[in-house]
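Asker: The sequence and its predicted three-dimensional model are supplied below.
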Amino acid sequence: MVDKDYQLHDIVQMKKPHPCGENRWKIIRMGMDIRIKCMGCDHSVMIPRRDFTKKMKKILEKAPE
């Protein structure tokens, strides 16, 4: 499995939308688990890194350096 080039504070699109209807998520914590926050309702979810790389579709916005 190839790691996609994502980092803290990137806006990503997941394969399935959140129940609120939004499909944009912000990465707010990285480690063994990755915490992402829904840009629509501010709900946050912690996902294991392996599952995150499978469920992430693409990076929409890169974080400013």
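Answerer: That came in fine, so what should we check first? Numbers count the residues shown, from 1 in each chain.

Asker: So which residues of this structure form strands?
Answerer: Here the chain has its strands, by DSSP state E, at 11-14, 24-29, 33-38, 44-48, 56-61.

Asker: got a list of contacts for the shortest one?
Answerer: The set of residues that contact strand 11-14 without belonging to it, under C-beta atoms under 8 Å, 6 or more residues apart in numbering, is 6, 23-27, 36, 39, 55-61. Where C-beta positions appear, they are placed from N, C-alpha and C, glycine not excepted.

Asker: Could I have the buried ones of these as PyMOL selection syntax?
Answerer: Selection command for PyMOL covering only the buried members of those, criterion 16 or more other C-beta atoms under 10 Å:
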select buried, resi 6+23+24+25+26+27+36+56+59
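
Asker: ok, back up a step: so can I have TSV of the strands of the chain showing mean pLDDT?
Answerer: TSV is the format used below for the strands of the chain (pLDDT from 0 to 100):
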stretch	mean pLDDT
strand 11-14	94
strand 24-29	94
strand 33-38	95
strand 44-48	94
strand 56-61	91
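
Asker: so how many other residues sit close to residue 13?
Answerer: Burial of residue 13 is recorded as 14 neighbouring residues (other C-beta atoms under 10 Å).

Asker: same thing with residue 52?
Answerer: By the measure other C-beta under 10 Å, the count of residues near residue 52 is 22.

Asker: now swap in residue 34 and tell me
Answerer: 23.

Asker: Report the two of the contacts of strand 11-14 separated the most.
Answerer: Maximum pairwise distance in the contacts of strand 11-14, criterion C-beta to C-beta, is 18.0 Å, between 55 and 61.

Asker: who's the nearest residue to residue 49 once chain neighbours are set aside bridged to?
Answerer: With sequence-adjacent residues excluded and distances taken as C-beta to C-beta, 6 or more residues apart in numbering, residue 49 is closest to residue 34, at 5.6 Å. Beta-bridge pairing of residue 34 under DSSP bridges involves residue 47.

Asker: And residue 30, how close does it get to residue 39?
Answerer: Here residue 30 is placed at a distance of 17 Å from residue 39 (C-beta to C-beta, to the nearest Å).

Asker: Many thanks, have a good one.
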